[in-house]
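Trainee: Could you look at this predicted model? Sequence included:
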Amino acid sequence: MLTETSTQRKTYFEELQARGHSRRDFMKFCTMMAAYLGLQSSGVAQVTEALKTKPRIPVIWLHFQECTCCSESFIRSSHPIVADIILDKLSLDYTETLMAAAGHQAEEAMHKTMTEHYGEYVLCVEGSVPTGAVGVYCMIGGKSSMDILQEAAAGAKAIICWGSCASNGCVQSAKPNPTKATPIHKIIKGKPIIKVPGCPPIGEVMAGVLVHILTFDTLPALDGIGRPKAFYSKRVHDSCYRRPYYDAGMFVETFDDENAKRGYCLYKVGCKGPSTYNACGIIKWNNGTSYPIQSGHGCFGCSEESFWDNGPIYERMVNAGGFGIEENADKVGMVALGVTAAGLAAHAIATNLRKRNVVDELIAEGKQSEHELKND
Amino acid sequence: MARIVVDPITRIEGHLRIEAEIKDGKIDQAYSSGTMVRLIEEILRGRDPRDAWAFVGRVCGVCTTVHSLASIRSVEDALGITVPPNAELVRNLMFCAQNIHDHVVHFYHLHALDWVDVVSALKADPKKTSEIAQSISNWPKSSPGYFSDLQKRLTKFVESGQLGIFANGYWGHPAYKLPAEINLIGVAHYLEALEWQKEIVKVHTIFGGKNPHPNFLVGGMACSISLDDSSGINAERLAYVYQLLKQAKEFVEQVYIPDLLAIAPYYLDWGGIGGGLGNFLGYGDLSTSSYTDVQNYKFPAGAILNKDLSKIHEVDLRNDSEVQEFIPHSWYEYAGGDGVGLHPWQGETKLNYTGPKPPFDHLNVEEKYSFLKTPRWKGNAMEVGPLARVLVGYASGREDFKEVVNSTLAKLNVPAAALFSTLGRTAARGLESILVAQWALEFYDQLIGNIKNGDTRMANMEKFNPESWPANAKGVGHTEAPRGALAHWIVIEDQKIKNYQLVVPSTWNASPRDQEGKSSAYEAALKDTPIADINKPVEILRTIHSFDPCLACAVHLYDEDGKHVSKVQVL
């Protein structure tokens, strides 16, 4: 069992009570977490029970080549109790960004956890490890990040790679990768590794991954490259509220054009939603306020491996599978002819204009509702 | 003489290490070293200039947005792109949200615990605390019951033996001077600020889709104004932004500033410590018309030398004899050797690590000792940041700056000279927050006014297509990041980035010595800082933190034989 630990540690519920939170606060937290984990309402009880009875998992959180956007995203997690319990008390025995202790005292705390809870703590890593020039491109306290990682990983039960830096190397590993920035899974072998990519990942996703481990005594189900299925199994494209425009061949041609104001699909201005697996379209950002596509900019695939080298941000993907307008009757012939991407684009413009004209005509005829439009 | 090593044990971005020597109870010499490098400038070579904002945005996720902003401006400058007024205003609003967020988080979560004793708050009288709170502010959370509940929660927390983020502080150190009641107010607002900080960033989410790292666009912004579509910036989105800005202004005026003014009187001696260089540099930003219209900047540009507020020197970022970067103590090499300084358009970024192989105890500070280059303005070491901005505004004769500065000096009953200090640096950050929170609402009104007048343009895409670009172009883009003057220089050739150089605030402030052995701002400010107890040098933390180092860093102390004495946390 993943949470099989010393019984001296308090449970989440006990901690919350000690911190002055009510049972109602606790239930709100459990309900939210169950929702994030995609559970039915019956799952709330499961989460509640787990948090009431399971002792805390010690967590060590390290920082290497990174920009701290992951930590920042984590503290943006929207529910107050997430901030209260996950951040400063419950499971984070050691977190360089958030704990008061640093230097000698912090190292002591880390070594205490590493020895007393050998084999049972979760190691979180934010940042990549530069393997160039014997590790001098990231040194902490006179030690290389490689040495620090190896030491901390040895007794870890599992490793969580926060963000794209730890999961796939992110920006510093983009060509020519001058410091040989390396993701964690290429260095540490023989440990369960959970990748939570994104630049940064969504705060609630980070909280959700931690709570899943605590709640179910298991690591979350991972996809073929180690990402939690709960948050990375859907393409941004497939959960996009603008998807109908893609399917209808109605596109933004350039930023801030008339089609942009109408909220059409951003595929032609470079949106990488068709090749990106993330929960942005579902959970959204900053307590559901918005997400890149909703705010008019295409997704640039920040949770995908090597996304910095997957073509310029504003260049249309030429190999987007399942191009939406293929589904349209008027498209089938084009596919049969094997037209090029440019041909598709030209076709899409024509389709777009035609559909727009149809809609305009219907509006001009004084139709008042979607229903009326559909019935025409 | 004792040898001190300040090391970034808390492993944040910017990984700072300071080595220093203590003589007669004071810091005699300090050496600042950056020990992490990613070489994003090299990675940018050959890429699409329109993408640069996304790469350089990842320089920092704490002061997220500022590098992206400087980047798109550098490209727009190179290509002669005029940005629509609405996009300028949206960028200004994002600037303001970032600035206020950063300053509040710095004050409460990174700096306050240098002055506020959490453990002492347990002894506070809630009734008296309430009276003090209500006497300094109208902030509603100020009843005796509120403070009593908080104190009970804090007591349980401490009694649990698990101090969490408050563990291992210097609680009880004689340098902590606040009454218990003010300490309790500080703790209450520490927690409230943690809640509040995730709200103000939603301004970025609305306009840029997410925070951290919202999206920007060369030519404008991607968030179209569309009053008739649920995807665009419509009445609901604008009302949301207004609400967030209004809340931010309330938080600054009713929580941050009253706390600053309540705490400062107990630490007026810090108005004479940590002054440092006395040279200040600001590039300016926040124009009421256009970014290119420098005359209408809310933050005026200029340089101050030797604390002389009677003269503002003009700064020209294009002049290759003004801003230059040197590497005599930096782990880089220039084709022209270590003796030359390079303007960023001619900048080179070739690593040459010559330091000790890790693990090591000491750096050789006589040789190269940092991954930061050493920038100079006309040969001068310059301090950048809120204090520089406030002084440039004050010395420029701007009424709004004079009002907040003079009223604060009067309230604290200290002379203007107290501004050149650790306390002045911390106070300046608060003072500019008052102004920025007011300006944000002005920019918001301007945006609404434009839309009312029928201008809904958000991006100028005329020159977005690289085929419309000249074969060669170069540009510079600047802004004022929370931590100080920031500029990016770009050289474009055949539609690709040929050279890209960033000179960031931390480079100005935290860089190693120059070719003449002159210190930069951190090293200069630490010089002569008194250290009462070498094992608990809270004094170092106060001065280092007054510059707003990104997050936590830590200090290792060694005795004169290099033997480990103790290590110090920097909260």
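Mentor: Sure, I can see it.

Trainee: which ones are touching residue 170?
Mentor: Because you didn't say which chain, this covers chain A. By CB atoms under 8 Å, 6 or more residues apart in numbering or on different chains, the contact set of A:Cys170 is A:128, A:163-164, A:181, A:199, A:308, B:58. Where C-beta positions appear, they are placed from N, C-alpha and C, glycine not excepted.

Trainee: that's the other chain; I wanted chain B
Mentor: By CB under 8 Å, 6+ apart, the contact set of B:Tyr170 is B:176, B:536, B:538.

Trainee: For the stretch 201-350 of chain B, which residues are neighbours of chain A?
Mentor: Counting by CB under 8 Å from any CB of the partner chain, the positions of the stretch 201-350 of chain B adjacent to chain A are B:201-202, B:204-215, B:217, B:219-226, B:228-232, B:240.

Trainee: in chain A, what secondary structure element scores lowest on mean pLDDT?
Mentor: helix A:332-337 (a mean of 34; mean pLDDT, DSSP states H and E).

Trainee: can you give me the helices for the stretch 101-250 of chain B?
Mentor: For the stretch 101-250 of chain B, the helices defined by DSSP state H, counting those that start in this stretch occupy B:126-136, B:144-159, B:180-200, B:202-208, B:235-251.

Trainee: So which of these has the densest surroundings on average?
Mentor: helix B:202-208 (a mean of 27; mean count of other CB atoms under 10 Å in any protein chain shown).

Trainee: Who are the packing partners of it?
Mentor: In terms of contacts (3 or more CB pairs under 8 Å, 6 or more residues apart in numbering or on different chains; DSSP states H and E), helix B:202-208 is packed against helix B:85-105, helix B:235-251.

Trainee: So what touches that helix?
Mentor: Contacts to helix B:202-208, defined as CB under 8 Å, 6+ apart, come from residues A:285-287, A:289-290, A:292, A:295, A:297, B:64-65, B:90, B:93-94, B:96-98, B:210-211, B:214-216, B:221, B:223, B:233, B:237, B:240-241, B:244-245.

Trainee: now swap in stretch B:180-195 and tell me
Mentor: A:75, A:80, A:83, B:104-105, B:107-109, B:112, B:115-118, B:120-126, B:128-129, B:132-133, B:141, B:146-147, B:150-151, B:154, B:176, B:178, B:251, B:255-256, B:259, B:262-263, B:266.

Trainee: Now the buried members of those residues.
Mentor: The neighbour count (16 or more other CB atoms under 10 Å in any protein chain shown) marks A:75, A:80, A:83, B:104-105, B:107-109, B:112, B:115-118, B:120-122, B:124-126, B:129, B:132-133, B:146-147, B:150-151, B:154, B:176, B:178, B:251, B:255-256, B:259, B:262-263 as buried among the contacts of stretch B:180-195.

Trainee: Can you give the domain ranges for chain A?
Mentor: Per automatic domain parsing, the structural domains of chain A span A:12-230, A:243-375.

Trainee: Where among those is average confidence lowest?
Mentor: Least confidently modelled of the domains of chain A is domain A:243-375, at a mean of 74 by mean pLDDT.

Trainee: how about the strands in the chain?
Mentor: Let's take chain A. Along chain A, the stretches classed as strands by DSSP state E are A:59-63, A:92-95, A:121-126, A:129-130, A:139-140, A:143-144, A:156-162, A:181-182, A:193-196.

Trainee: Chain B was what I was after
Mentor: B:2-7, B:16-23, B:26-34, B:280-282, B:285-287, B:297-299, B:302-304, B:323-326, B:374-377, B:472-481, B:484-493, B:496-503, B:553-558, B:564-570.

Trainee: Please identify the most buried of those strands.
Mentor: The most buried one of these (mean count of other CB under 10 Å) is strand B:280-282, showing a mean of 29.

Trainee: Need the helices of the stretch 101-250 of chain B in a markdown table (columns: mean pLDDT and distance to B:Thr35).
Mentor: Putting the helices of the stretch 101-250 of chain B into a markdown table (pLDDT from 0 to 100; distance: least, CB to CB, whole Å) gives the following:
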| stretch | mean pLDDT | distance to B:Thr35 |
| --- | --- | --- |
| helix B:126-136 | 98 | 42 |
| helix B:144-159 | 87 | 34 |
| helix B:180-200 | 93 | 28 |
| helix B:202-208 | 98 | 30 |
| helix B:235-251 | 98 | 35 |
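
Trainee: so which of the contacts of B:Tyr170 comes closest to chain A?
Mentor: Closest to chain A out of the contacts of B:Tyr170 is B:Lys536 (11.8 Å), distances taken as CB to the nearest CB.

Trainee: was I right about the closest one contacting B:His173?
Mentor: Yes - judged on CB atoms under 8 Å, B:Lys536 makes contact with B:His173 at a distance of 5.7 Å.

Trainee: And those two? Which one has more around it.
Mentor: Shown here are B:Lys536 and B:His173; by other CB atoms under 10 Å in any protein chain shown, B:Lys536 has more neighbours (18 against 12).

Trainee: Just the closest residue of chain A to chain B, please.
Mentor: Across chain A, the shortest distance to chain B (CB to the nearest CB) belongs to A:Cys69, at 2.4 Å.

Trainee: Look at that residue and say how many residues are nearby.
Mentor: Per other CB under 10 Å, the neighbour tally for A:Cys69 reads 28.

Trainee: Quick check: closest non-adjacent residue to it.
Mentor: Closest residue to A:Cys69 apart from its sequence neighbours, by CB to CB, 6 or more residues apart in numbering or on different chains: B:Gly61 at 2.4 Å.

Trainee: try B:Leu69
Mentor: B:Thr479 is the one closest to B:Leu69 (CB to CB, 6+ apart), at 5.0 Å.

Trainee: which residues touch that neighbour?
Mentor: Contact analysis of B:Thr479 by CB under 8 Å, 6+ apart lists B:66, B:69-70, B:73, B:95, B:283, B:285, B:486-487.

Trainee: now do A:Val236
Mentor: Contacts of A:Val236 were listed using CB under 8 Å, 6+ apart, and they are A:272-274, A:276-278, A:280-281, A:293, A:299.

Trainee: if we look at chain B, which of the residues you listed are close to it?
Mentor: With CB under 8 Å from any CB as the criterion, those include A:280, A:293 near chain B.
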